[in-house]
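Colleague: What follows is a predicted structure for the sequence shown.
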Amino acid sequence: MKKILITGGTVFVSRTLAEYFVSKKEDVYVLNRNNHPQPKGVTLIEADRYNLGATLSNYSFDVVIDANSYTGEEVSLLLDALPEIKEYIFISTSAVYPETLSQPFKETQQVGANKYWQSYGTNKIEAEEILAKRVPQAYILRPAYIYGPYNNAYREAFVFDCATSKRPFYLPSSGDMILQFIHMNDICKLVDKLLETKPVEKIYNVGNEVTVTIKEWIEMCYDVVGESVEFIEVSSDVPQSSYFSFPNYEYILDVSNQTAVIGETIDMKEGLRESWEWYRENQEVVTKRDYFGAIEKMLEEKI
């Protein structure tokens with residue numbers, strides 16, 4: 001039995017990781033401010049990560065999974081508070097790659113500012129650099145768009161809402177922009193395998209081997225709800241992020257290193273089916289954006 005510390009533990013990524021390792025009979029601790037319900041089977045360490053003091057000084061963990069550090073400062077504060085570090089896994093982001101690089105992005109390419117992700121990406125770069133310097137054995141994961149049960153971002157949930165309302169879908173241009181996703185359970189599987197096999201490579205792009213177009217993704221979302229979709233194409237001069245869940249930015253990750261560790265990832269449609277089954281019982285958890293208001297204001301009045 002491994003003693004595992006997970007930062008967060010109550011929302012989407014960190015919660016799924018906590019429940020996964022509890023199901024594996026590991027001794028799971030979560031570090032958060034206790035503002036949300038805790039996963040079953042974990043031990044709570046209640047603290048503000050900006051004021052840890054001696055909170056962690058009497059603990060010894062086999063593994064630290066840092067699932068919610070967004071800046072170098074946050075990583076540094078956690079490292080300073082831990083009396084020792086054995087295994088460490090950091091959930092970073094694919095936003096660390098500049099949009100100007102050749103694609104698919106590879107882990108060996110130079111990271112840098114991306115105009116679409118701005119400080120989110122550069123803050124994660126700083127966190128990665130501090131971690132690599134202080135904990136050279138740490139693994140760094142750079143996921144594409146994450147989906148699955150507990151997802152509190154208004155992405156697939158927005159399309160589910162359109163489907164259940166039997167609305168036509170306002171499609172960015174022809175809908176042929178490519179999106180790359182990864183189911184949260186595949187991230188859990190990767191983390192587990194890295195801890196088990198301890199490969200030499202330390203940085204991993206994380207995503208499905210097979211990408212989808214916007215149009216294909218929407219069709220799958222409607223289908224798992226049990227509805228068919230009617231598309232209305234929207235001109236590219238309308239800001240895409242005002243009425244759709246993703247910005248007008250296409251990128252693809254090379255995930256061959258990930259595939260070598262865990263093999264194939266979860267089928268996209270089956271993963272979306274799981275997401276729908278969870279969402280229809282937990283709609284209040286999702287942070288919704290007013291895409292419908294934007295559609296009514298900018299698009300429907302023009303039709």
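Modeller: Nice, thanks for sending it over.

Colleague: Next secondary structure element downstream of the helix or strand containing residue 158?
Modeller: Residue 158 belongs to helix 156-164 when assigned by DSSP states H and E. Downstream of helix 156-164, the first helix or strand assigned by DSSP H and E is strand 169-172.

Colleague: Could you spell out the sheet neighbours of that next one, each with its direction?
Modeller: Paired neighbours of strand 169-172 in the sheet (DSSP bridges): strand 231-234 (parallel).

Colleague: Name the residues of the partner strand that are buried.
Modeller: Applying a neighbour-count criterion of 16 or more other C-beta atoms under 10 Å, one finds residue 234 buried in strand 231-234. For the C-beta atoms, the positions are set from N, CA and C on the backbone; glycine is no exception.

Colleague: what's that strand in contact with?
Modeller: 168-175, 215, 218, 240, 243, 299, 303 (C-beta atoms under 8 Å, 6 or more residues apart in numbering).

Colleague: ranges for the helices of the chain?
Modeller: Along the chain, the segments classed as helices by DSSP state H run 12-23, 72-81, 119-134, 156-164, 184-197, 214-225, 256-262, 268-279, 291-294.

Colleague: and those helices as a markdown table, adding mean neighbour count and distance to residue 231?
Modeller: A markdown table is the format used below for the helices of the chain (neighbours: other C-beta atoms under 10 Å; distance: least, C-beta to C-beta, whole Å):
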| stretch | mean neighbour count | distance to residue 231 |
| --- | --- | --- |
| helix 12-23 | 22 | 29 |
| helix 72-81 | 18 | 41 |
| helix 119-134 | 18 | 30 |
| helix 156-164 | 22 | 11 |
| helix 184-197 | 19 | 28 |
| helix 214-225 | 21 | 7 |
| helix 256-262 | 17 | 32 |
| helix 268-279 | 19 | 18 |
| helix 291-294 | 16 | 16 |
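
Colleague: Identify the residue spatially nearest to residue 168, adjacent ones excluded.
Modeller: Distances taken as C-beta to C-beta, 6 or more residues apart in numbering place residue 230 nearest to residue 168, at 4.2 Å, with adjacent residues excluded.
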